[in-house]
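1. no FASTA, just this:
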């Protein structure tokens, strides 16, 4: 009986030594980015008016992993200071805060934008462009939208463009 117990113990020890250890769960990683006077190379949303968009501030990206170490999602948020964007044309400038949160899921690449993306306001006249709420992209295609998204869904840019045209 003692020989059987010893053999069983050796078998368990051998199994424990040869079995691959369970992979430890990888903790999320965070990267911080500081942006200073980053001029965006994007086409103007206003026909015939060259608008320069400049971004400033800081943001962080937190990346989450599954048990195999594969990236499952990234979350981009403001970090430490306001992220702003200015639009400038014809010696006029408008500024907006940019506190939106972006979540990207992998491997699908689906991206969720939530919160305020842009709210340009002309002093004395009010909002001329609003992009806020929740929007889900599958690649470049919008698959869900809640809230006004003037810059995405063909909303009216007349007031925004009119401000810079005059």
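-> Cool, the structure landed. These numbers come from a predicted model, not from an experiment.
2. show me where the chain has its helices.
-> For the chain, helices defined by DSSP state H occupy the ranges 2-18, 158-165.
3. may I see the buried residues of the last one?
-> What it means is helix 158-165. 160-161, 163-164 (16 or more other CB atoms under 10 Å). Just so you know, the C-beta spots here come from the backbone N, C-alpha and C atoms, and that holds for glycine as well.
4. mind putting those in JSON lines, distance to residue 34 and pLDDT included?
-> Putting these into JSON lines (distance: CB to CB, whole Å; pLDDT from 0 to 100) gives the following:
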{"residue": "160", "distance to residue 34": "28", "pLDDT": "91"}
{"residue": "161", "distance to residue 34": "31", "pLDDT": "90"}
{"residue": "163", "distance to residue 34": "30", "pLDDT": "92"}
{"residue": "164", "distance to residue 34": "28", "pLDDT": "91"}
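5. what sits opposite residue 79 in the beta ladder?
-> On the basis of DSSP bridges, residue 79 is bridged to residue 81.
6. for it, give me its contacts.
-> By CB atoms under 8 Å, 6 or more residues apart in numbering, the residues touching residue 79 are 32-33, 58-60.
7. one step back: looking at the helices of the chain, which one has the lowest mean pLDDT?
-> Among the helices of the chain, helix 2-18 carries the lowest mean pLDDT, a mean of 36.
8. and the pLDDT at the residue nearest in space to the middle of the chain?
-> The centroid of the chain falls nearest to residue 102 when counting by CA atoms, centre = their mean (2.6 Å). For residue 102, the model assigns a pLDDT of 93.
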